[in-house]
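# Here is my input; please provide its structure:
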Amino acid sequence: MKNKQYDECHVLNSESFEPYFQPIIDINNDRCIGVEVLARLVSTEHSFASIFPTLLATYVEQKEITRIMFDKVILLLKDIPFPHDFKLSFNIPANLLSEDWLSIVCDDFLRACNNNLKLILEITEHTSLSINNDSIKSGLSRLNNKNIQIALDDFGTGYSNIILVKMLPVDIIKIPKDFIDQLPNSKIDSAIIDSIINLSLHASIQLVAEGVESAKQSHYLVNKGINFQQGYYFSHPINSSDLAIYLNKKFSLYNQIDNSMPCTEKHNSNFKFPQSLLVKCANEFNLSGREKEVLTFISKGVSVNTISRIKHRSYKTIWAHKKNAYKKIGVKNDADFINYLHVLASVL
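Model (predicted):
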């Protein structure tokens with residue numbers, strides 16, 4: 001008899017993932033200049049609400065997810081009016097660099113877009129990488145010959161550390177949300193950001209700030225010279241139909257709604273999950289009243305800083321409620337939580 005978890009994993013891989021797109025904004029030019037392609041579980045034949053996303057972290061082969069994302073995005077290229085030199089960034093585990101098929105699927109992508117788009121491979125490194133492995137070196141050489149850029153995701157956390165900058169031909173460093181959340185008030189995070197900026201200047205590496213959720217954070221980063229940014233302040237991950245509309249949008253950093261405005265003015269209309277979803281989630285994972293309250297705000301796109309002001313509780317207290325709730329549910333960050341709500345909605 002086949003293993004049930006294996007069967008569920010196979011269903012997820014083969015049928016249930018769709019590409020969603022996290023816009024990357026160039027503040028200088030007020031334009032979306034690229035997207036990070038994210039795998040989103042949109043529907044299943046079974047109710048996976050109680051095991052998502054733990055199942056993904058344990059059983060889903062990232063190689064297959066990467067292949068599915070490439071295949072599906074290639075099919076979407078003709079339907080989305082991407083500007084010339086628009087950047088599409090795909091997440092891949094570092095050890096996939098040694099796989100021959102990665103070079104082939106990159107060729108397929110570049111051929112499908114007539115080489116009019118910029119392809120970025122975003123290394124998501126959660127395990128130790130055997131960087132001296134000859135097959136990985138060979139894979140990197142093949143990719144360099146195709147003018148494909150390499151980005152380091154979540155730089156400074158886990159295994160995505162400074163040694164990879166020395167060992168890999170890195171073009172882009174993505175500053176993780178962990179170092180952005182408490183800006184501009186955290187002296188430690190400010191010092192870390194300064195160190196990353198200094199490294200990027202000496203190594204001629206481009207920077208992208210992830211997880212930007214407020215005008216204050218965005219302004220701070222711009223003043224530091226970090227003009228490429230992504231996060232809920234600009235947009236949560238969107239599907240291909242919404243992306244086609246989004247690409248025609250003009251941005252103005254100084255016209256964006258600041259955190260100082262009332263919460264009701266800041267809510268993003270895309271974050272309208274039924275209250276019943278939050279109730280079901282709270283009941284299923286035995287969340288406390290405060291944890292449920294915080295997640296209700298998060299589901300509407302409200303930042304921790306804003307929740308703190310609205311509820312007159314400290315940032316650390318709100319952050320602790322969110323962290324405890326995420327630990328109970330089994331998600332790692334806001335994007336995972338929003339994705340979980342989409343999954344839960346699809347099976348109710």
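# For Val105, which residues are in contact?
Counting by CB atoms under 8 Å, 6 or more residues apart in numbering, Val105 touches 67, 70-71. (Glycine included, C-beta is placed from N, CA and C.)
# where along the stretch 51-200 of the chain do the strands fall?
87-92, 118-123, 149-152, 172-175 (DSSP state E, counting those that start in this stretch).
# lowest-confidence helix or strand of the protein?
Here the helix or strand of the chain ranked lowest by mean pLDDT, DSSP states H and E is helix 263-266, holding a mean of 36.
# Redo the strands of the stretch 51-200 of the chain as a markdown table? Include mean neighbour count and mean pLDDT.
Below are those laid out as a markdown table (neighbours: other CB atoms under 10 Å; pLDDT from 0 to 100):
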| stretch | mean neighbour count | mean pLDDT |
| --- | --- | --- |
| strand 87-92 | 22 | 94 |
| strand 118-123 | 21 | 93 |
| strand 149-152 | 22 | 91 |
| strand 172-175 | 25 | 94 |
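# Out of these, the one nearest Gln217 is which?
Evaluated over the strands of the stretch 51-200 of the chain, closeness to Gln217 peaks at strand 172-175, with 11.1 Å, by CB to CB.
# Surely Gln22 is in a strand?
Yes. Secondary structure of Gln22 (DSSP: H, G, I helix; E, B strand; the rest coil): part of a strand.
# for the lengthiest helix in the chain, what is the average pLDDT?
If you go by DSSP state H, the chain has its longest helix at helix 187-203. Averaged over helix 187-203, pLDDT sits at 92.
# Next secondary structure after it?
Tracing the chain C-terminally past helix 187-203 and defining elements by DSSP states H and E, one meets strand 206-209 next.
# For Ser303, grab the count of nearby residues.
Other residues near Ser303 come to 25 when the count uses other CB atoms under 10 Å.
# Against Ser214, how distant is it?
6 Å (CB to CB, to the nearest Å).
# ok, Leu247 touching Pro83?
Yes. Applying CB atoms under 8 Å, one finds Leu247 in contact with Pro83, separated by 7.2 Å.
# okay, the two: which has more neighbours?
Counting neighbours by other CB under 10 Å for Leu247 and for Pro83 shows that Leu247 has the greater number, 17 against 13.
# How much space separates that one from Phe86?
Between Leu247 and Phe86 the distance, using CB to CB, works out to 8 Å.
# residue contacts, Asp85?
Neighbour list for Asp85: 116-118 [criterion: CB under 8 Å, 6+ apart].
# between those, which is closest to Ile180?
Of these, the one sitting nearest to Ile180 (CB to CB) turns out to be Lys118, at 23.9 Å.
# residues touching the closest one, list them.
Here Lys118 is in contact with 34, 85-88, 149 (CB under 8 Å, 6+ apart).
# now with 7 Å?
By CB atoms under 7 Å, 6 or more residues apart in numbering, the contact set of Lys118 is 85-87, 149.
# do Lys322 as well
294, 298, 304.
# run the last query once more with 10 Å
Shown in contact with Lys322 (CB atoms under 10 Å, 6 or more residues apart in numbering): 290-291, 294-295, 297-298, 304, 307, 333-334, 337.
# Turn those into a markdown table, including secondary structure.
A markdown table is the format used below for the contacts of Lys322 (three-state DSSP):
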| residue | secondary structure |
| --- | --- |
| Arg290 | helix |
| Glu291 | helix |
| Val294 | helix |
| Leu295 | helix |
| Phe297 | helix |
| Ile298 | helix |
| Val304 | helix |
| Ile307 | helix |
| Asn333 | coil |
| Asp334 | helix |
| Phe337 | helix |
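# Quick check: which ranges of the stretch 151-300 of the chain have low pLDDT?
156-161, 249-272 (pLDDT under 70).
# Tell me where it has helices.
Applying DSSP state H, counting those that start in this stretch to the stretch 151-300 of the chain gives helices spanning 162-167, 187-203, 215-223, 240-246, 263-266, 275-284, 289-299.
# how many degrees apart are the host helix or strand of Leu38 and strand 87-92 in direction?
In this structure, Leu38 sits in strand 31-41 according to DSSP H and E. Per axes from the mean of the first three to the mean of the last three CA atoms, to 10 degrees, the angle that strand 31-41 makes with strand 87-92 is 30 degrees.
# which helices and strands does strand 31-41 pack with?
strand 17-26, helix 54-58, helix 62-76, strand 87-92, strand 118-123, helix 240-246, helix 334-347 (3 or more CB pairs under 10 Å, 6 or more residues apart in numbering; DSSP states H and E).
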